[in-house]
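Chemist: no sequence for this one, just the structure:
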């Protein structure tokens, strides 16, 4: 099998290489590979824990194109000190065009598109676990939290909001009905939400 480089460049400071592979002089069958360099701070295309390519934020489906299948990484290694899989100076994501009848220029065009897709995936910023944004409660969810809190007495809540005990009891039994509550009802319950959970009252 003959392999030759048909494209080499730096895209966004990353080394990008493309090869074609001829299996024999008599066979017209050609395969194409594209290699895109990986940096240490990237959205890694492998798990640092297992070294595997699944269950990670890097999306291999988004990295490929109609013609280019992206499904491999070379050059990563297991660091016995950190006990993690890490990037070396020769770590690349690899895409492949198999059994292609494509003209070389079109193959290069397809691989350039795949290279940009791969780079976009590598560039994705991943928030560390402690930086993940908390779920922000909607107004209805805040009202629901007050109404369904067993520590909150319905009689006291009724007295402080002006909402009848009967209505509040219905909300407690069926919180989904709060979605149909009036704005003034929700606002009064939200006031109690902040008093209870932030000021320690109620």
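Modeler: It's in. What you see is a predicted model; the values in this text were computed from it and never measured.
Chemist: Wait, a helix at residue 172?
Modeler: Yes. Assessed with DSSP: H, G, I helix; E, B strand; the rest coil, residue 172 lies in a helix.
Chemist: In space, what's closest to it - neighbours in sequence excluded?
Modeler: Leaving aside its chain neighbours, residue 172 sits nearest to residue 147 (5.3 Å; criterion: Cβ to Cβ, 6 or more residues apart in numbering). (Glycine included, C-beta is placed from N, CA and C.)
Chemist: ok, now residue 197?
Modeler: With sequence-adjacent residues excluded and distances taken as Cβ to Cβ, 6+ apart, residue 197 is closest to residue 145, at 7.6 Å.
Chemist: Next one: the most centrally placed residue in the chain relative to residue 3, how far apart?
Modeler: Residue closest to the average C-alpha location in the chain (Cα atoms, centre = their mean): residue 57, at 4.7 Å. Applying Cβ to Cβ, to the nearest Å, one obtains 32 Å for the distance of residue 57 from residue 3.
Chemist: In this protein, which helix is the longest?
Modeler: The longest helix of the chain (DSSP state H) is helix 104-123.
Chemist: For that helix, which helices and strands make contact with it?
Modeler: strand 2-11, strand 14-22, strand 30-37, helix 60-63, strand 69-74, strand 92-100 (3 or more Cβ pairs under 8 Å, 6 or more residues apart in numbering; DSSP states H and E).
Chemist: so residue 20 touches residue 102, yeah?
Modeler: No. With contact defined as Cβ atoms under 8 Å, residue 20 and residue 102 do not form a contacting pair (10.2 Å).
Chemist: Could you pull out the residues contacting both of the two?
Modeler: Common contacts of residue 20 and residue 102 (Cβ atoms under 8 Å, 6 or more residues apart in numbering): residue 32.
Chemist: can I assume residue 88 sits in a strand?
Modeler: No. Residue 88 is assigned coil when assessed by three-state DSSP, not a strand.
Chemist: contacting residues for the closest residue to it other than its chain neighbours?
Modeler: The shortest distance from residue 88 to any residue that is not its chain neighbour, by Cβ to Cβ, 6+ apart, is 5.1 Å, and that residue is residue 75. Contacts were defined as Cβ under 8 Å, 6+ apart; by that measure residue 75 touches 38, 87, 88, 89, 90, 91, 92.
Chemist: Torsion angles phi and psi at the closest residue to the fifth one other than its chain neighbours?
Modeler: When you say that, I think you mean residue 90. Leaving out its chain neighbours, the residue that sits closest to residue 90 by Cβ to Cβ, 6+ apart is residue 75, at 4.1 Å. The phi and psi values for residue 75, taken as degrees, to the nearest 10, are phi 90, psi 0.
Chemist: No further questions, thank you.
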